[in-house]
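> Here is my input, please return the structure:
(4 chains)
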Protein chains: 2
Amino acid sequence: MVGDMDTELSIQQVAAVTQLSTHTLRYYERIGLLAAIERASSGHRRYSGQDIAWINFLTRLRATGMPIREMQQFAELRRQGDHSLAQRRQLLEIHQRHVQQQLDELNRNLEVIQDKIQHYRELEAQYDTNTLTGSKH
Amino acid sequence: MVGDMDTELSIQQVAAVTQLSTHTLRYYERIGLLAAIERASSGHRRYSGQDIAWINFLTRLRATGMPIREMQQFAELRRQGDHSLAQRRQLLEIHQRHVQQQLDELNRNLEVIQDKIQHYRELEAQYDTNTLTGSKH
DNA sequence: ATAAAACTTAGAGTGCGCTCTAAGTCAATA
DNA sequence: TATTGACTTAGAGCGCACTCTAAGTTTTAT
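I've put the predicted structure just below:
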């Protein structure tokens, strides 16, 4: 089962497992996020297990708000091989800090929203009481 | 200091305190997020303390990914007064769940990124060793 | 053999949330 | 009084990340 890494998938199959559209997969290749996917003799794309793993990681970066531009830089560094390891790590460390900031902000905002919900609950209780006792109508 | 709620601010002042551009403030009013800001005799906008509080809350909703469409619904409910309290609360409760999902996903993705950083650290250490011992060049 | 489906490329179109421009009115200062 | 600057409106334009279309070739199924 180790050899599964060599399984080659069609664009439709990759779309199914990555949840990206075939349009998006071609788009990612075109703008250099994927760079040179292998072709079958027919010219059709054949994705390797490594390609899938890379696409999945890209998806994590996108989901955490990394702009395409930065992902392009990251992909370019990857293409340059081992001597770019430190730069790739630094890029990810910066991004990691951004994600932590997002988390902090999201947590703060969540609290405010929860406070508001609680506030509404109290207002509702009061409003219901007024309505039931017939005051003012 | 309680009377500060009645202070009326110009659009520039509101832009300064809310960190929104004057363009965005007019845009929000135009699409019904703010609805009918008072005007001075000159026709210039005059924002109340309540307006500012509302804008700040809207900003929290935006920052947590609520689409403008939904904010418009929320603003509309607010305009309808007390009898929409329960609906407003429900809308916020749904949004609250979305925010919690965002937080969960962000946390999962952060972990993957951190793992990748750690992986790079290990590869770097190995690469440096190989380089120093002159193996392979 | 032929039709339907899937693939290819280049490039146009879309939806979101602003962001800016144009044309004009009003207000404050030299 | 003149001019600089802030304000008004309606509507066009923009950046991002896709998403789709058109035109053509290849593969698969009947």
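> and A:Q96, how many neighbours?
Residues within reach of A:Q96, counting by other C-beta atoms under 10 Å in any protein chain shown, total 16. Placement of C-beta: from N, CA and C, glycine included.
> What helix or strand is it located in?
Assigned by DSSP states H and E, A:Q96 falls within helix A:85-132.
> Please work out the average pLDDT along that helix.
Mean pLDDT, helix A:85-132: 93.
> Could you see whether DNA strand D lies near it?
No - using C-beta under 7 Å from any atom of the strand, helix A:85-132 never reaches DNA strand D; the gap is at least 12.6 Å.
> what's the angle between that helix and helix B:85-132?
Counting by axes from the mean of the first three to the mean of the last three C-alpha atoms, to 10 degrees, helix A:85-132 points 170 degrees away from the direction of helix B:85-132.
> and helix A:85-132, anywhere near chain B?
Yes - using C-beta under 8 Å from any C-beta of the partner chain, helix A:85-132 reaches chain B at A:85-86, A:88-89, A:92-93, A:95-96, A:99-100, A:102-103, A:105-107, A:109-110, A:112-114, A:116-117, A:120-121, A:123-124, A:127.
> Quick check: buried residues in stretch A:37-46?
Neighbour-count burial for stretch A:37-46 flags A:I37, A:R45, A:R46 (criterion: 16 or more other C-beta atoms under 10 Å in any protein chain shown).
> Figure out the length between the terminal residues of that stretch.
End-to-end distance for stretch A:37-46, by C-alpha to C-alpha, to the nearest Å: 7 Å.
> Filter the residues of helix A:85-132 next to chain B down to the buried ones.
A:85, A:88-89, A:92, A:95-96, A:99, A:102-103, A:106, A:109-110, A:112-113, A:116-117, A:120.
> Which of the buried residues of stretch A:37-46 fall within strands?
If you go by DSSP state E, the buried residues of stretch A:37-46 have A:R45, A:R46 in strands.
> Where does chain A get nearest to DNA strand D, residue-wise?
Per C-beta to the nearest atom of the strand, A:S42 is where chain A lies closest to DNA strand D, at 2.4 Å.
> and the helix holding A:Q96, what does it pack onto?
helix A:68-79, helix B:49-63, helix B:85-132 (3 or more C-beta pairs under 8 Å, 6 or more residues apart in numbering or on different chains; DSSP states H and E).
> Could you check the pLDDT of A:T22?
pLDDT at A:T22 comes out at 95.
> same thing with A:E8?
86.
> repeat for A:G81
So, for A:G81, pLDDT stands at 91.
> Burial check on it, number of neighbours?
8.
> Ok, A:S48 next?
Using other C-beta under 10 Å: A:S48 sits among 15 other residues.
> Got phi/psi on it?
Torsion angles at A:S48 (phi, psi; degrees, to the nearest 10) stand at phi -90, psi 170.
> distance of it from DNA strand C?
Distance of A:S48 to DNA strand C, computed by C-beta to the nearest atom of the strand, to the nearest Å: 14 Å.
> same deal with A:L103?
Counting by C-beta to the nearest atom of the strand, the gap from A:L103 to DNA strand C is 21 Å.
> Could you report the distance from the closest residue to A:G32 other than its chain neighbours to chain B?
Sequence neighbours aside, A:Q72 is the residue nearest to A:G32 in space, at 5.5 Å (criterion: C-beta to C-beta, 6 or more residues apart in numbering or on different chains). A:Q72 sits 17 Å away from chain B, going by C-beta to the nearest C-beta, to the nearest Å.
> who's in contact with A:Q72?
For A:Q72, the contact set (C-beta atoms under 8 Å, 6 or more residues apart in numbering or on different chains) comprises A:I31, A:G32, A:L33.
> The same query, at a cut-off of 10 Å, please.
Contact analysis of A:Q72 by C-beta atoms under 10 Å, 6 or more residues apart in numbering or on different chains lists A:Y28, A:I31, A:G32, A:L33.
> show me the contacts for the last one.
Residues counted as contacts of A:L33 (C-beta under 10 Å, 6+ apart) are A:24-25, A:27, A:54-55, A:58, A:61-62, A:68, A:71-72, A:74-76.
> ok so, going back, farthest-apart pair in the contacts of A:Q72, please.
A:Y28 and A:G32 (8.4 Å; C-beta to C-beta).
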